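> Could you look at this predicted model? Sequence included:
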Amino acid sequence: MRAALSGLTTRGRCLLAAGVAAALCGVVLGERDLLRVAVFLVALPLVAAAVVARTRFRLSCSRDLNPGRVPAGQPATARLVLENVSFLPTGLLLLEDEVPYTLGGRPRFTVDRIGPGQQRTVHYPIRSDARGRYRIGPLRLRLADPFGLVELTRSFTAVDTLTVVPAVHPLPSVPLGGAWDSGGESVSRSVAIRGDDDAATREYRNGDDLRKVHWRSTARVGKLMVRREERPWQSRATLLLDTRAQAHRGEGPGSSFEWAVSAAASVGVHTARRGYSLRLLTDAGPVAGGAELSDDGVLLDQLAEVGTSRNAGLDAIAEPLRGAEGLGTLVAVMGLLDPEQARMLASTRAPSEVSIVVLVDGNSWLSLSPRALAEAGAAYDASAEVLARAGWRVLRARHGDRLPALWPTAGQRPGGVALGTAPLPRPSAEGSATR
């Protein structure tokens, strides 16, 4: 009862105070009619509190997030299902789901009477422009009397997690050479050697060939699984993301850092879906202990929570890059570099190895004076030139650029010759005379 009295609303407290005041006036003035009104005013909120406190129905709640992993800026839908598992009908229910303020205001609903064994379903949208993992729930249930004099809050225990991942842009398919050109015949041989039952599998994605469904894994896992037959043995790629705060400009979802994270996600998903094993590195060192990421979903989950670092240089990643083996093709998404940092990064790879850098010009995200803009552009061009001379394929990214438009440059050698094409042989003097 004490908890119910603490749940008195402003209206209930005003009625109770008015009843006490009317009772005092009735006693002083000797007005019995005023005392009767006072008794009614005091009794009404007390009776409402007693009725709400004695409510003994049981409810079950389930929540479904569709999808559970959503790109930044795209909406998701939360579906709540309430079921009355008691033998008594409910009264008016006020529902409030606990949602972080980044996702908007807390959704509130009013649910009318739910009979025994009946269900009520409510939906509400969720949208976030910021990456991260967000806790959704628990659902709070407010019990109220018909007059709005008392409200009690009860919470469910179930919570869910919404993962907001970076935006991914489809990239055109270009031949990159190096470790990227291994064929898929080795996979067919590997499946034949190991046997069909031991084939590596992954969860079905929209567009997959239904002939590749692995039914035994599907029955064991409970989800539709397909053979991972497109994964070559030796195809490896390493993704390096520059997270240094001083290397990026701007704030929030429109900053150069968020552009870089989205670019890293796009490259990672592009390579993973082509069947390459992938490792993720940052300027702070390897991510996930340097282990290979099993699929693009794991990569996006890692990038959903990556933030800026306080590192000033690239010392923490330079030595691991020099001493590491089996990195395959390296794709680096870098922020602002001075020439010295560019030389350090270039020295970590041999000219014969395939190295690609998406060099983000963070200063283009700022409104600079013409003189400052010229100085920043000169420093940016100098760093890009250092990497290009060391054999890196440099993709210059500025504010407003889209990675799919820049990506074909990754298929060209530093000299500007596209991979898969060879320069025409120069005809000899004899050949010219014969023609």
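Cool, got the structure.

> switch to C-alpha atoms for all contacts and neighbour counts from now on
Fine.

> Give me the most central residue, this protein.
V165 (1.8 Å; C-alpha atoms, centre = their mean).

> my guess is it meets D129, correct?
No: counting by C-alpha atoms under 8 Å, V165 does not reach D129; the two are 9.7 Å apart.

> shared neighbours of these two, which are they?
A72 (C-alpha atoms under 8 Å, 6 or more residues apart in numbering).

> gap between V333 and L8?
Note on V333: its distance to L8, by C-alpha to C-alpha, to the nearest Å, is 57 Å.

> what does A378 give?
When distance is defined by C-alpha to C-alpha, A378 is 68 Å away from L8.

> Same check on S217?
Distance from S217 to L8, by C-alpha to C-alpha: 56 Å.

> do the same with S383
67 Å.

> Tell me which of these two has more neighbours.
Shown here are S383 and L8; by other C-alpha atoms under 10 Å, L8 has more neighbours (22 against 19).

> you'd agree that one is up against V47?
No: between L8 and V47 there is no contact under C-alpha under 8 Å: 11.4 Å.

> contacting residues around A346?
Residues in contact with A346, defined by C-alpha under 8 Å, 6+ apart, are V386, L387, A390, W392.

> rerun that using 6 Å as the cut-off
For A346, the contact set (C-alpha atoms under 6 Å, 6 or more residues apart in numbering) comprises L387.

> Show the model's pLDDT score for it.
Note for A346: predicted pLDDT of 92.

> In terms of residue numbering, what are the domains of the chain?
2-53, 59-165, 178-182+234-411, 183-233 (automatic domain parsing).

> so can I have a markdown table of these showing distance to P172?
Shown next, in a markdown table, are those (distance: least, C-alpha to C-alpha, whole Å):
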| stretch | distance to P172 |
| --- | --- |
| domain 2-53 | 60 |
| domain 59-165 | 20 |
| domain 178-182+234-411 | 7 |
| domain 183-233 | 18 |
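
> just for this structure, where's the confidence low?
For the chain, the stretches with pLDDT under 70 are 1-4, 56-57, 177-199, 206-207, 228-234, 289-291, 294, 323-326, 414-435.

> ranges for the helices of it?
2-6, 10-29, 32-53, 185-194, 215-221, 256-273, 296-304, 315-323, 339-346, 370-389, 403-406, 429-434 (DSSP state H).

> most neighbours per residue, which of those?
Of all the helices of the chain, helix 256-273 carries the top mean neighbour count, a mean of 24, counting by mean count of other C-alpha atoms under 10 Å.

> Return that helix as PDB; C-alpha atoms alone will do.
Extracted in PDB, the C-alpha atoms of helix 256-273 (Å, rounded to 0.1, in the frame of the first residue of the first chain):
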ATOM      1  CA  SER A 256      36.000  12.600 -42.100                       C
ATOM      2  CA  PHE A 257      36.500   9.900 -39.600                       C
ATOM      3  CA  GLU A 258      33.000   8.500 -40.200                       C
ATOM      4  CA  TRP A 259      33.700   8.700 -44.000                       C
ATOM      5  CA  ALA A 260      36.900   6.600 -43.400                       C
ATOM      6  CA  VAL A 261      35.000   4.100 -41.300                       C
ATOM      7  CA  SER A 262      32.400   3.700 -43.900                       C
ATOM      8  CA  ALA A 263      35.100   3.300 -46.600                       C
ATOM      9  CA  ALA A 264      36.800   0.600 -44.500                       C
ATOM     10  CA  ALA A 265      33.500  -1.200 -44.100                       C
ATOM     11  CA  SER A 266      32.800  -1.000 -47.800                       C
ATOM     12  CA  VAL A 267      36.200  -2.400 -48.800                       C
ATOM     13  CA  GLY A 268      36.000  -5.100 -46.100                       C
ATOM     14  CA  VAL A 269      32.500  -6.300 -47.200                       C
ATOM     15  CA  HIS A 270      33.600  -6.100 -50.900                       C
ATOM     16  CA  THR A 271      36.600  -8.400 -50.200                       C
ATOM     17  CA  ALA A 272      34.900 -10.700 -47.800                       C
ATOM     18  CA  ARG A 273      32.000 -11.400 -50.200                       C
END
